[in-house]
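Q: what shape does this take:
(chains A, B, C and D)
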There are 2 protein chains.
Amino acid sequence: MSVQTQNAAGNCSDCPIRHRAVCAHCEKPELNELESIKYYRNFEAGQSIIWSGDKMGFVGSVVSGIASLTQTMEDGRTQMVGLLLPSDFVGRPGREGSPYDVTATTDVVMCCFRKKPFEEMMARTPHIAHRLLEMTLDELDAAREWMLVLGRKTAREKIASLLSIIARRDASLSSGGPVGTLVFDLPLTREAMADYLGLTLETVSRQMSALKKDGVIQLEGKRHVTIPDMGRLMEEAGDDTDGGMLG
Amino acid sequence: MSVQTQNAAGNCSDCPIRHRAVCAHCEKPELNELESIKYYRNFEAGQSIIWSGDKMGFVGSVVSGIASLTQTMEDGRTQMVGLLLPSDFVGRPGREGSPYDVTATTDVVMCCFRKKPFEEMMARTPHIAHRLLEMTLDELDAAREWMLVLGRKTAREKIASLLSIIARRDASLSSGGPVGTLVFDLPLTREAMADYLGLTLETVSRQMSALKKDGVIQLEGKRHVTIPDMGRLMEEAGDDTDGGMLG
DNA sequence: AACCTCAGTTGATCTGGGTCAAAGAAAAAT
DNA sequence: ATTTTTCTTTGACCCAGATCAACTGAGGTT
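A: Model (predicted):
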């Protein structure tokens, strides 16, 4: 259960501090202190990890599976405000509770640390505080990019944007097809996609069908997606076409 | 020009590190080092402070006026992703450039620090890094709250949400009217409001007229707004009505 | 005083995506 | 194997907000 896993981007995902390529966790001796307060939690698909307003006793990171952050209005309208993939951090050091619901979208394994000792460590270890700032800035960039998607893009562009994001983080390069072909399994229901995109599930379904008909994506079953041309998908998403998808 | 100003929330706005009630800047001797690398810049309404993609040589905070962060697609669609009011921080320590345009919406005075020495200070002063993490988490919360607005609220709710945010940060309690009455000048054109809300300027104008007709707001001229009942406005915004607006 | 320009309003019409409804398809339960 | 449930697709219709267009009104400028 304490196997160090590597995701597609080369990050160590068995650790609350997300890394690029190298796992500082394993290099910095002072971080081994984290090991002693580390524990794992499993959540089933659909299960709530944290309720909005609850006190959070822990911070941690996703080891496997997908979790989502959602906000809900009293009348039931919901908006997903974040998608947590393996290696993503969960928690708000220095904050009492969560303003969002955190829900397991698939079965999820989380690597957790009790909040108190983690924060004490953070205060003593500038490296962790610095890394956390980095990660929070990344999340802020992602949230702001998503504001453009929600505010100004059409339904088709929204779907293409979401597929593009998931593909970049989740997909493995297919060995068989031409270069640039990506294959992955959608970890979200149509309804979850709709909640992320500010659409209805019917519109999501229609636009998926349209993208399939137009050859932008291929679908086997409902969830298995092949993207024959990543550049084409990004055009559909309305993004700058800078060609390189692994920059 | 180095007068310490206090805004309505009691924050020191003459400083890149935003405070609550007390200005640590003035309390912590080590932060006086910041004084020696501090300088001011003025921007006229409409002027660009930073172009998206540019290298940013400085970090700083807004002293007076309003600036906005915007993202623009190739075809001209634009989405405002942040509103910078006095005391708000601008800059991305540890990052090269800005992924957004930063524009002066009104005349703006900024208090700046060259980035290099600021970052060196930050590395030496855990207090600053910690404060910066706090601020970034606040911005992330604001961005995510805005995702709900953009993704799920109606045009009327969007307008009410924006007015509510500006009122809370910008307004002074009117002494004459009943308790809870707020008065302020809108610092945004109808077009800027539209860019923030993911609407067209015509829809903004129509909904402003509708809110006026329904007595939710009063308008003198185009910009001077009176909110007779803050609770009512928050209901219109679809927010939880928790009563207290200065919690 | 006539002429701009720029911000805002209002009306008429159009349409993308929402809503309501029905049916298929795959997984889970009996 | 059949029923139930959960997810998805597709069709028909509608409406909130976009689009297109005309007009108002407050400053400035000469």
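Q: okay, CA-based contacts and neighbour counts for the rest of this
A: Will do.
Q: just give me the neighbour total for A:H127.
A: Number of residues near A:H127 (other C-alpha atoms under 10 Å in any protein chain shown) recorded here: 15.
Q: with A:M56 instead?
A: Neighbour tally, A:M56, other C-alpha under 10 Å: 19.
Q: which residue, other than its chain neighbours, is closest to it?
A: A:G97 (5.3 Å; C-alpha to C-alpha, 6 or more residues apart in numbering or on different chains).
Q: contacts only, for that neighbour.
A: Counting by C-alpha atoms under 8 Å, 6 or more residues apart in numbering or on different chains, A:G97 touches A:S52, A:G53, A:D54, A:K55, A:M56.
Q: close to DNA strand D: what parts of chain A are there?
A: Neighbours of DNA strand D within chain A, by C-alpha under 7 Å from any atom of the strand: A:188-191, A:201-206, A:208-209, A:222-223.
Q: which of the residues you listed fall in helices?
A: A:R190, A:E191, A:L201, A:E202, A:T203, A:V204, A:S205, A:R206, A:M208, A:S209 (DSSP state H).
Q: including pLDDT and distance to B:A167, could those residues go into a markdown table?
A: Converted to a markdown table, those look like this (pLDDT from 0 to 100; distance: C-alpha to C-alpha, whole Å):
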| residue | pLDDT | distance to B:A167 |
| --- | --- | --- |
| A:R190 | 97 | 38 |
| A:E191 | 97 | 35 |
| A:L201 | 98 | 35 |
| A:E202 | 98 | 37 |
| A:T203 | 98 | 36 |
| A:V204 | 98 | 36 |
| A:S205 | 98 | 40 |
| A:R206 | 98 | 40 |
| A:M208 | 98 | 41 |
| A:S209 | 97 | 44 |
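Q: which of these has the most neighbours?
A: A:V204 (24 neighbours).
Q: so how far is DNA strand C from it?
A: 7 Å (C-alpha to the nearest atom of the strand, to the nearest Å).
Q: and the ones in helices among the residues of chain A next to DNA strand D, which two are furthest apart?
A: A:E191 and A:S209 (15.1 Å; C-alpha to C-alpha).
Q: would you agree A:I128 is in contact with A:M122?
A: Yes: A:I128 lies in contact with A:M122 (C-alpha atoms under 8 Å); the separation is 5.7 Å.
Q: using CSV, write out every CA atom in stretch A:185-194.
A: C-alpha atoms of stretch A:185-194 as CSV (Å, rounded to 0.1, in the frame of the first residue of the first chain):
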residue,chain,number,x,y,z
ASP,A,185,-11.4,6.4,-20.6
LEU,A,186,-13.6,9.2,-19.6
PRO,A,187,-13.8,9.2,-15.8
LEU,A,188,-17.0,11.3,-15.7
THR,A,189,-20.6,10.6,-16.4
ARG,A,190,-22.4,12.9,-18.8
GLU,A,191,-24.0,14.6,-15.8
ALA,A,192,-20.7,15.2,-14.1
MET,A,193,-19.3,16.7,-17.4
ALA,A,194,-22.4,18.9,-17.5
